[in-house]
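Engineer: Any chance you can model this:
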Amino acid sequence: MIVLAEIQDQRDRGAEPRFLNGLRCVISYEGMPAAECGVELSGGITEIYPGESAEVFIHFVTPELHVDKLKVGDTFELVRVPYSIATGTVIDL
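Structural biologist: Coordinates of the predicted model:
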């Protein structure tokens, strides 16, 4: 699944202010309160910073659970407990 993600600024909470390629996190969207996933930044990008947006490939640990739940245009949130690190929209499945 490819999404357009905007990185949230968590520096005031003591969290790392960048989003790294290969990050493991939790995705939350309507119909799925939490699911483990990995992210891969597209275009050879290795990290992005708060306020920036990028195309991100989402790799689900259990992809079969998400096949019928997501569609293009759906919104989501990426979380590294306890902080929201990114929000965005599904652009391709």
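Engineer: helices or strands up against the helix or strand bottoming out on mean pLDDT in the chain?
Structural biologist: Across the helices and strands of the chain, mean pLDDT, DSSP states H and E gives its lowest value to strand 19-20, namely a mean of 84. In terms of contacts (3 or more Cβ pairs under 8 Å, 6 or more residues apart in numbering; DSSP states H and E), strand 19-20 is packed against strand 47-48. Yep, even glycine has a C-beta here, placed from its N, CA and C like the rest.
Engineer: model confidence over the strand it packs on, on average?
Structural biologist: Strand 47-48 carries an average pLDDT of 88.
Engineer: Tell me the spatial nearest neighbour of residue 37, not counting adjacent residues.
Structural biologist: Of all residues not flanking residue 37 in the chain, residue 27 sits nearest, at 4.7 Å (Cβ to Cβ, 6 or more residues apart in numbering).
Engineer: How far does the least confident helix or strand of the chain sit from its chain's centre?
Structural biologist: Here strand 19-20 is found 10 Å from its chain centre; the criterion is Cα atoms, centre = their mean, to the nearest Å.
Engineer: wait, isn't residue 61 in contact with residue 35?
Structural biologist: Yes. Using Cβ atoms under 8 Å, residue 61 is in contact with residue 35, at 7.3 Å.
Engineer: quick one on the thing from earlier: roughly how far does the residue nearest to residue 37 sit from residue 45?
Structural biologist: Using Cβ to Cβ, to the nearest Å, residue 27 is found at 19 Å from residue 45.
Engineer: So those two - more neighbours on which side?
Structural biologist: Counted by other Cβ atoms under 10 Å, residue 27 and residue 45 do not tie: residue 27 has more neighbours, with 23 against 14.
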